[in-house]
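J.: prediction below, plus the sequence it came from.
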Protein chains: 4
Amino acid sequence: MFERCNKVQKAVLETTLDLIIDRELQATSMSLIAKDSGVSTGNIYHYFSSKEDIINELYKAIVKFNGEFVTKGMNQADSVHERFRLAWRSVIELGKQYPKGFRFIEQYSFSPYIHEQSKLEAYKGGWCGPMEELYRQAVEEGVFVPLDPHMMVQMHYGSLVYLLKSHQQNMLELTDDLEEQAIRACWNAVSKEKGWNG
Amino acid sequence: MFERCNKVQKAVLETTLDLIIDRELQATSMSLIAKDSGVSTGNIYHYFSSKEDIINELYKAIVKFNGEFVTKGMNQADSVHERFRLAWRSVIELGKQYPKGFRFIEQYSFSPYIHEQSKLEAYKGGWCGPMEELYRQAVEEGVFVPLDPHMMVQMHYGSLVYLLKSHQQNMLELTDDLEEQAIRACWNAVSKEKGWNG
Amino acid sequence: MFERCNKVQKAVLETTLDLIIDRELQATSMSLIAKDSGVSTGNIYHYFSSKEDIINELYKAIVKFNGEFVTKGMNQADSVHERFRLAWRSVIELGKQYPKGFRFIEQYSFSPYIHEQSKLEAYKGGWCGPMEELYRQAVEEGVFVPLDPHMMVQMHYGSLVYLLKSHQQNMLELTDDLEEQAIRACWNAVSKEKGWNG
Amino acid sequence: MFERCNKVQKAVLETTLDLIIDRELQATSMSLIAKDSGVSTGNIYHYFSSKEDIINELYKAIVKFNGEFVTKGMNQADSVHERFRLAWRSVIELGKQYPKGFRFIEQYSFSPYIHEQSKLEAYKGGWCGPMEELYRQAVEEGVFVPLDPHMMVQMHYGSLVYLLKSHQQNMLELTDDLEEQAIRACWNAVSKEKGWNG
DNA sequence: AATGAATGAGTCTTCATTCAT
DNA sequence: GATGAATGAAGACTCATTCAT
């Protein structure tokens, strides 16, 4: 997940992610990060300028990773419908395989702790752009109802986020079948053609 | 929003909500709450046992308020479809009229800072139960596809949460018309009948 | 020396002065001030906004005290010569009776740690103004050579500061007689009349 | 100023002097010295055993330089009066040409950071000894009042130090003429003959 | 009930110094 | 000789909480 970083940075970022997820930001102290990562406090400051910096670098690294993970899957198909399916399956897969990174982004994408600059960089490197482009195409082709692509993407993403939350809270077992149905529900929500009984 | 509380409690809870929304939990100190609310630190501890207690009471109060707000609207109609519409419109209305409470719940419903006990109380007093009941009825009546009501409610709620997030970030202007279309998309996602061209 | 302050402030300022004089600023930590003064670190910050603030308040308090000490002595006589004598004797007396305050001012009056604002307030409340006024009068009466009063006062002050430094380093025993001769030397330096053999 | 040192030592000492003068000792960190001097921290420790060592070497080097600067001028004349004049003019010249070294000595000659050993070496290599010798001679020749030479030298030095401080603070423009008058004032302070109207 | 001074453990961060390369 | 990454103790400051008034 942090392949681009050197050993120390990787250790710090991984540890920070772990700590934040199960203890929360306010309980994630620098000394704890130091102890758990095996990097001395002084040396952490050799690689990151502040605690805020760590969080922001963590944010950017995860968003970048997520973006690549999702768009990679998305381009392996041709038809709009198939790309739709693969893209959202990737999102679900991401949430299942990397639950910590997923939750971190969910919890902190609206936090004042993350700089606007980081959010901007995140958006450009993320998967939202390509996904909106896909929806735009679907609308143009008359497959989707003529709604704002940004709005549709957000709503579908929200659906899956909450699906994953239920899954992570053990309120729901997320089988292959269920995933397909969830994605089909999203498709039906905005497609002109009827999908359930087809 | 905090009508059941006395003057001091109300001042503290309102102030805390304001502070947490625009400064985050870690930057919301007791002394700041004291200064902004006009209640001395000592006296705050007369009404709340700890900072954690304030956050939990805040959480429970908001969930209770939200639950009443949404279920109130939901019961003013008969047909499943109409109750569906009114319920989700209430949720959107809630997010627009009380954005701070809404964001607070979003941010902290998965936080370790909120006790399981608070979450449990919240669930019982919230609107999720009645909503799931409505979906169960729709499935039984053959209006909805036979999916897990809890899953459907979560997904639809997630859709609207992200719709509201876009709205709060000024990425989207949330007109009456748009709200109706969003709710119709939710309906179509799981209804057996086709809705867009009907 | 810190009569205008409350108990806590007085304890902190006195302790800080003691520590700075025999350990230097950089070795005078807040925790040491706390321990030695018997005031907890937290409470120190209730009365002073920062370490810098303590130093500046200390500076201002001492300058004020010194100013009053010197000008008080100065006004108990009439003739220019007598006021000259009494004023500089007060300065020497001050250096002898309050060596710590004296050294502190010497060491820190040119430090970037002391704000310009503090220096300005210090100058207005100090004894330099009245002293320069005395010299101006002496020049006007034809008693002193027509040199810049500010320059003369600074030079004489410097003389006595170094005299006191020698004294404090035990290089010199500062008897009554020696003090008188030092002051007479200052007088002779700028008086038109010859003083030594008169 | 640091001609006796090798390149690395010179760079470190010059940088340290610059930093201490405009930032103070406590704000002059080893890493800052390393960055500004272009010498790595590790290598600094190859030439100096500690930070304290740097400061003490700096002190000794400057005192040595100052001593040579002043005594050089002093020996270019014969009469007591002329040597007196030339010596103190050298002191003033030193303060004007090398303000940083001058201020450094002023600020740190009484600091616990400078070892007694350094001060002792400084005294032996400085200009105070020769100057006191000159005064002793003047007393013996009946030119000066019979006061302790050490005391007189200290007082006159103090006068000029404060004159230079005023100059460095732009409170006073130090012209050639003013310098002469300052030195004459010192002479008059202790000479048996009257000087101003002669 | 109400105040806010007092506490001290804990926070983030810096810095002199060491050491593997 | 030279580098700069690494260390961890110590620094200034904060903050949840208590308690005398």
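T.: Sure, I can see it. Keep in mind it's a predicted model, so treat the numbers as computed, not measured.
J.: give me the nearest residue to residue A:64, chain neighbours excluded.
T.: Nearest non-adjacent residue to residue A:64, counting by Cβ to Cβ, 6 or more residues apart in numbering or on different chains: residue A:125, 4.9 Å away. For every residue, glycine as well, the C-beta is placed using N, CA and C.
J.: let me fix that, I meant to ask about residue A:96.
T.: Nearest residue to residue A:96 in three dimensions, chain neighbours excluded: residue A:174, at 6.8 Å (Cβ to Cβ, 6+ apart).
J.: shouldn't that neighbour be within a strand?
T.: No - secondary structure of residue A:174 (DSSP: H, G, I helix; E, B strand; the rest coil): coil, not part of a strand.
J.: which neighbouring elements make contact with the helix or strand bottoming out on mean pLDDT in chain A?
T.: When each helix and strand of chain A is scored by mean pLDDT, DSSP states H and E, helix A:116-125 comes last, with a mean of 84. For helix A:116-125, the elements it packs on are helix A:51-74, judged by 3 or more Cβ pairs under 8 Å, 6 or more residues apart in numbering or on different chains; DSSP states H and E.
J.: which bits of chain A sit near DNA strand F?
T.: Contact residues, chain A versus DNA strand F (Cβ under 7 Å from any atom of the strand): A:8, A:39-43, A:45-47.
J.: which ones among those also lie next to DNA strand E?
T.: Among those, the residues within reach of DNA strand E (Cβ under 7 Å from any atom of the strand) are A:41-42, A:45.
J.: dump the residues you listed into CSV; add neighbour count, pLDDT and secondary structure as well.
T.: Formatted as CSV, these follow (neighbours: other Cβ atoms under 10 Å in any protein chain shown; pLDDT from 0 to 100; DSSP: H, G, I helix; E, B strand; the rest coil):
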residue, neighbour count, pLDDT, secondary structure
A:41, 12, 97, helix
A:42, 8, 97, helix
A:45, 15, 98, helix
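J.: what's the burial count for the closest residue to chain C within chain A?
T.: Using Cβ to the nearest Cβ, residue A:31 is the residue of chain A that sits closest to chain C, at 17.7 Å. Neighbours of residue A:31 under the rule other Cβ atoms under 10 Å in any protein chain shown: 9.
J.: how far away is it from residue A:39?
T.: Distance of residue A:31 to residue A:39, computed by Cβ to Cβ, to the nearest Å: 11 Å.
J.: could you do residue A:190 as well?
T.: Distance from residue A:190 to residue A:39, counting by Cβ to Cβ: 48 Å.
J.: quick one: which of the two has more around it?
T.: Neighbour count, other Cβ under 10 Å: between residue A:190 and residue A:39, residue A:190 has more, with 25 against 19.
J.: for the more buried one, which residues are in contact?
T.: Applying Cβ atoms under 8 Å, 6 or more residues apart in numbering or on different chains to residue A:190 gives the contacts A:144-145, A:147, A:152, B:185, B:188.
J.: mind listing what the residue in chain A that chain D sits nearest to touches?
T.: Residue nearest to chain D within chain A: residue A:46 (10.6 Å; Cβ to the nearest Cβ). Shown in contact with residue A:46 (Cβ under 8 Å, 6+ apart): residue A:8.
J.: any idea which element it lies in?
T.: Element membership for residue A:46, per DSSP states H and E: helix A:41-47.
J.: with just CA atoms, put that helix into CSV.
T.: Coordinates of each C-alpha in helix A:41-47 appear next as CSV, following Å, rounded to 0.1, in the frame of the first residue of the first chain:
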residue,chain,number,x,y,z
THR,A,41,10.4,10.1,17.6
GLY,A,42,13.3,12.1,16.4
ASN,A,43,13.7,10.1,13.3
ILE,A,44,10.0,10.4,12.5
TYR,A,45,10.5,14.1,12.3
HIS,A,46,13.3,13.5,9.9
TYR,A,47,10.8,12.2,7.4
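J.: related to what we said a few turns ago, how about the residue of chain A closest to chain C: what's its closest non-neighbour residue?
T.: residue A:41 (6.3 Å).
J.: and what of residue A:15?
T.: Looking at residue A:15 with Cβ to Cβ, 6+ apart, the closest residue is residue A:37, at 3.8 Å.
J.: do I have it right that that neighbour meets residue A:11?
T.: Yes - Residue A:37 is within contact range of residue A:11, at 4.3 Å (criterion: Cβ atoms under 8 Å).
J.: and the least confident helix or strand of chain A with helix A:51-74, angle?
T.: 10 degrees (axes from the mean of the first three to the mean of the last three Cα atoms, to 10 degrees).
J.: centre of the chain to helix A:116-125, how far?
T.: 13 Å (Cα atoms, centre = their mean, to the nearest Å).
J.: low pLDDT regions in chain A?
T.: Counting by pLDDT under 70, chain A has low-confidence residues at A:76, A:194-198.
J.: point out the residues in it that sit beside DNA strand E.
T.: A:27-32, A:41-42, A:45, A:50-52.
J.: buried stuff in the helix or strand containing residue A:134?
T.: For residue A:134, the host element (DSSP H and E) is helix A:128-140. The neighbour-count check on helix A:128-140 (16 or more other Cβ atoms under 10 Å in any protein chain shown) flags A:128, A:130-132, A:134-136, A:138-139 as buried.
J.: and it, C-alpha only, in CSV?
T.: What follows is helix A:128-140, C-alpha atoms only, in CSV (Å, rounded to 0.1, in the frame of the first residue of the first chain):
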residue,chain,number,x,y,z
CYS,A,128,-14.0,9.6,-9.2
GLY,A,129,-13.0,11.3,-12.4
PRO,A,130,-12.9,8.2,-14.6
MET,A,131,-16.1,6.9,-13.0
GLU,A,132,-18.0,10.2,-13.7
GLU,A,133,-16.7,9.9,-17.3
LEU,A,134,-18.2,6.5,-17.6
TYR,A,135,-21.6,7.7,-16.3
ARG,A,136,-21.5,10.6,-18.7
GLN,A,137,-21.0,8.2,-21.5
ALA,A,138,-23.9,6.1,-20.3
VAL,A,139,-26.1,9.1,-20.2
GLU,A,140,-25.1,10.1,-23.7
